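Participant: next input, structure requested:
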Amino acid sequence: MAYDRHASARSDTPTGVKAVLGPTNTGKTHLAIERLCAHSSGMIGFPLRLLAREVYDRLVKIKGEKSVALITGEERIEPKDARYLLCTMEAMPVMERSMAFVAIDEVQLAADRERGHVFTDRLLHARGREETMILGSSTAEPLVRALVPGVEVVTRPRFSTLTHAGARKLSRVPPRSAIVAFSAEQVYAIAEMLRRFRGGAAVVMGALSPQTRNAQVALYQSGEVDYLVATDAIGMGLNLDVEHVAFAGLSKYDGRRHRRLTTAEMAQIAGRAGRHQKDGSFGTLTGSGGHDSDFEPDEIYAIEEHRFPPLTKLFWREPEPRFDSLATLIADLETPPNRSELAPAPEAIDLAVLKRLADEAEIGDTVRGLGQVRRFWDVCRLPDFRQQGVETHSRFVARLWQDLRQGELGADFVAAQIAQLDRTGGDIDTLQGRIAAIRSWAYIAQRPDWVLARDEMAARARAVEARLSDALHGKLTERFINRRTAVLMKKLGPDAGLLSVRLEDEEVLVEGEHIGSLRGFTFQVDPGARLSDRKLLLAAAERHLARLLATRADALAEAIHAGTAGMTLEAGAIVWDGQRIASLLPGRSLLSPTLLPDRALDAVPAPSRKALVAALEGWLAQALAPLGALARLDEASRSPDAGPDLRALLITLVECGGLVPREDSGLDRLDKARRPMLARLGVKVGALDLFVPAMLRPERLALWCQLAMVRGRSGLDLPDLAMPPVLAMQDRRLPPGYRSLGKQALRLDMADKLLREAHELRSGNGSAAQRAGFIIKPARAVSMGLTTASFARLLRLGGFQPIMPRALAADMQGPPAPVRWRWRPPQRRAEPRPAGAPRPDGAFALLADMVR
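Facilitator: Numbers count the residues shown, from 1 in each chain. Got it, this is the predicted structure:
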């Protein structure tokens with residue numbers, strides 16, 4: 001059959017060709033799907049694999065899996081009885097009226113330098129048996145009318161309006177916005193800034209696999225993040241709920257030079273804002289660093305009114321070249337069109353690779369015959385998924401041709417190449433490179449005559465691409481999305497009360513995101529949070545923890561009343577859950593400290609805080625109940641019957657924990673009528689000390705020590721938990737409740753007991769024994785743990801004086817005579833005592849003067 005390679009259109013163009021043209025958001029694709037479903041069979045060609053897959057998923061739900069096929073360069077799902085085909089434009093089979101319905105999407109891309117000739121061919125030759133639909137921008141209308149005789153043109157208005165919103169700082173860009181940049185570096189920088197003060201952004205770039213792009217878009221569509229940062233890949237094939245599009249710049253590198261976007265390109269991107277009936281806006285970012293970063297008035301008018309200069313040329317390349325030889329093939333592909341509406345397509349990468357390899361003798365000389373030339377051209381048409389340019393891509397094609405020249409690729413070889421890429425480690429750029437490489441092998445595996453075990457190898461390639469895409473999605477999410485900040489930023493407004501705030505053990509979760517821990521009533525920011533996030537987390541805690549704190553305060557108050565709170569008094573503070581919740585301040589007396597709630601309780605709502613403070617005061621009163629013996633002294637000191645001398649002594653006893661040395665205590669000043677009051681109040685008057693026996697318990701003395709420290713006393717050692725009768729004094733201060741005996745200390749009640757026994761022994765021996773002395777056996781003292789030296793010191797302090805026996809004569813034998821003792825009233829003088837021992841010194845005289 002003769003073939004006219006200069007023909008630009010079929011002479012028998014069928015009727016029923018309709019061009020539905022208009023700006024973005026006019027429902028053109030939705031209309032095409034409706035028309036497809038109305039026919040017995042049909043096919044739609046899309047500009048992107050992403051779009052073809054999206055419509056395939058929709059159509060499967062309507063027609064069923066067995067009736068719908070997906071045909072792309074990298075993926076083919078072709079049921080045996082499929083009647084509806086969704087294809088990328090390059091993979092779209094141009095079959096002579098075999099389908100009832102055919103549609104071509106985004107026809108204006110026929111003016112694209114790299115792929116335009118493919119769209120032009122489909123515009124000229126793809127026809128449906130019953131209906132053909134051409135979809136695209138109104139800028140293509142004059143050329144569509146000229147190239148498709150009898151076409152019916154329908155113009156659809158945009159469902160919503162686009163309004164220019166001016167320039168804004170990145171921090172002022174509203175939620176539900178897309179920020180468009182024109183380099184990966186700029187995309188990363190903007191996404192990182194949004195992560196720091198808005199919780200992050202989804203990232204969409206042309207270099208991402210469709211699966212990764214879908215996963216990132218899903219983050220935005222679900223509302224997990226409110227911002228999308230993208231390259232101009234957003235301008236086509238992504239239907240998003242975007243309210244505002246912000247341009248980070250208005251120029252890009254198109255593969256040849258750095259140029260300003262055309263108004264049609266600006267509109268294609270800006271048109272992502274305001275989907276369906278919802279209006280949208282567009283603008284630029286201030287401070288983005290470009291001299292061309294602002295829209296011109298005529299550009300704003302064109303975008304808002306959808307008025308753009310029409311296309312004047314569509315790119316064309318011979319769709320059916322001859323394969324007699326490489327020279328003939330190249331000549332046909334470079335043949336100019338014979339229509340004024342068409343222009344020769346710029347040299348695409350497949351033609352550039354063909355010409356480069358044809359000039360290499362070791363390759364060009366081996367391609368002979370019609371079949372070899374056709375097969376070699378198919379290999380050269382392998383897409384450059386790696387985007388590495390003609391030189392690098394031609395080397396990959398050359399290696400592939402060396403394997404394919406003699407036949408099909410072995411399954412083991414292809415499996416090894418795929419397995420080599422099946423590694424999910426590495427950074428974002430590394431994963432993107434592996435995805436691009438596996439897309440090449442997915443394309444190779446789809447070819448029917450290139451690979452043995454085609455179906456198995458294609459499935460393996462798709463599985464590896466899926467795993468790599470999941471890993472890349474995870475890396476992008478990890479780097480550019482702070483889920484915690486994103487959640488909090490969305491809810492820090494008037495709807496903060498809608499947040500789900502819960503406590504798991506000590507961890508505070510807001511909308512499932514960990515923001516810190518709650519110890520007691522103190523919120524502690526997650527130590528792993530960045531410094532820039534700390535203020536945000538603290539603000540979130542202030543807004544969202546009130547209800548949680550109220551619940552905790554009410555529960556603690558109930559536990560206090562039930563006696564199960566588990567609180568302790570430590571260093572003058574009430575401690576719960578390891579955290580201080582209240583402090584003690586000096587009050588009107590040692591036993592009546594003032595309770596000061598910790599500042600952490602300020603965040604508790606007022607009613608719950610008031611109830612908790614009342615419960616804490618009740619708990620404190622109960623905790624101080626063991627000091628009841630001192631409380632009786634304190635109460636008696638305020639009685640009018642006490643008199644100034646007794647009042648001063650009682651106050652001194654309270655302040656000193658019920659333990660006062662007898663010397664300088666003021667006891668001698670008391671009249672005989674008031675001395676019995678001390679015994680009735682539980683005060684024991686010993687030979688050396690006045691003490692309250694009920695206070696000689698370690699827990700009560702420890703409690704008194706805390707109250708004394710609250711009032712400014714220092715240098716107090718807490719008593720030994722066992723409080724034994726005797727303590728060894730080795731480089732330690734004298735604890736309360738003990739009398740110092742040099743290297744040992746004796747508990748006051750034991751000291752008083754030993755001295756009383758000595759006095760009873762003295763009284764039982766009569767006046768003669770007093771003059772001659774009497775023997776005091778140290779057995780009881782030694783049984784307590786005292787040394788004889790310490791016991792002798794105690795006796796001396798109590799007024800007993802030793803009478804040393806005469807030494808035996810030189811001619812006498814036998815044990816030495818025992819030491820005899822006699823008692824004389826001790827001289828009342830201050831006994832030197834270690835620092836920190838309770839000593840009123842001049843306190844009595846001062847207090848007596850105050851109360852007189």
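Participant: got a list of what the closest residue to residue 230 other than its chain neighbours touches?
Facilitator: With CB to CB, 6 or more residues apart in numbering as the criterion, residue 230 has its nearest non-adjacent residue at 4.0 Å, and that residue is residue 204. Backbone N, C-alpha and C define where each C-beta goes, glycine included. When contacts are counted by CB atoms under 8 Å, 6 or more residues apart in numbering, residue 204 touches 213, 216, 217, 228, 229, 230, 231, 233, 234, 238.
Participant: neighbour count for those residues - can I get that in CSV?
Facilitator: Conversion of these to CSV gives the following (neighbours: other CB atoms under 10 Å):
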residue, neighbour count
213, 25
216, 26
217, 20
228, 28
229, 31
230, 31
231, 22
233, 18
234, 24
238, 22
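Participant: got TSV for those, with pLDDT too?
Facilitator: Below are the contacts of residue 204 laid out as TSV (pLDDT from 0 to 100):
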residue	pLDDT
213	85
216	90
217	89
228	93
229	93
230	90
231	88
233	76
234	79
238	67
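Participant: filter those residues down to the ones in helices?
Facilitator: Among the contacts of residue 204, the ones falling in helices (DSSP state H) are 213, 216, 217.
Participant: ok, so of these, who is nearest residue 243?
Facilitator: Nearest to residue 243 among those: residue 217, at 15.5 Å, using CB to CB.
Participant: hmm, that closest one is touching residue 205, no?
Facilitator: No - the pair residue 217 / residue 205 is not scored as a contact, 11.9 Å apart, by CB atoms under 8 Å.
Participant: list the buried residues of the lengthiest helix in the chain.
Facilitator: Ordering each helix of the chain by length in residues (DSSP H) puts helix 454-480 first. For helix 454-480, the neighbour count (16 or more other CB atoms under 10 Å) marks 454, 457-458, 460-462, 464-465, 467-469, 471-473, 475-477, 479-480 as buried.
Participant: go on, stretch 266-276?
Facilitator: 266, 267, 268, 269, 270, 271, 272, 273, 274, 275.
Participant: next up, phi/psi of residue 253, please.
Facilitator: The phi/psi pair for residue 253 (degrees, to the nearest 10) reads phi -90, psi 120.
Participant: what distance do you get for the closest residue to it other than its chain neighbours to residue 230?
Facilitator: Distances taken as CB to CB, 6+ apart put residue 182 closest to residue 253, at 7.4 Å, once the chain neighbours are dropped. Going from residue 182 to residue 230 by CB to CB, to the nearest Å gives 10 Å.
Participant: ok, back up a step: surely the residue nearest to residue 253 is in contact with residue 249?
Facilitator: Yes - counting by CB under 8 Å, residue 249 is a contact partner of residue 182 at 5.7 Å.
Participant: which residues of the stretch 751-852 of the chain fall in helices?
Facilitator: 766-772, 779-784, 788-797, 843-851 (DSSP state H, counting those that start in this stretch).
Participant: which stretch in these has the least confidence?
Facilitator: Among the helices of the stretch 751-852 of the chain, helix 843-851 carries the lowest mean pLDDT, a mean of 34.
Participant: quick one, phi/psi of the spatially closest residue to residue 752 that is not a sequence neighbour?
Facilitator: Counting by CB to CB, 6+ apart, residue 686 is the residue found nearest to residue 752 once chain neighbours are left out, at 3.7 Å. The phi/psi pair for residue 686 (degrees, to the nearest 10) reads phi -100, psi 180.
Participant: so residue 41 makes contact with residue 99?
Facilitator: Yes - between residue 41 and residue 99 there is a contact under CB under 8 Å: 5.0 Å.
Participant: higher neighbour count, the two?
Facilitator: Neighbour totals were compared for residue 41 and residue 99, and residue 99 leads with 26 against 18 (other CB atoms under 10 Å).
Participant: about what we covered before: can you tell me which of the contacts of residue 204 is nearest residue 653?
Facilitator: Closest to residue 653, out of all of the contacts of residue 204 and judged by CB to CB, is residue 229, at 76.3 Å.
Participant: that closest one: what's it in contact with?
Facilitator: Per CB under 8 Å, 6+ apart, neighbours of residue 229: 178-181, 187, 190-191, 194, 201-204, 480.
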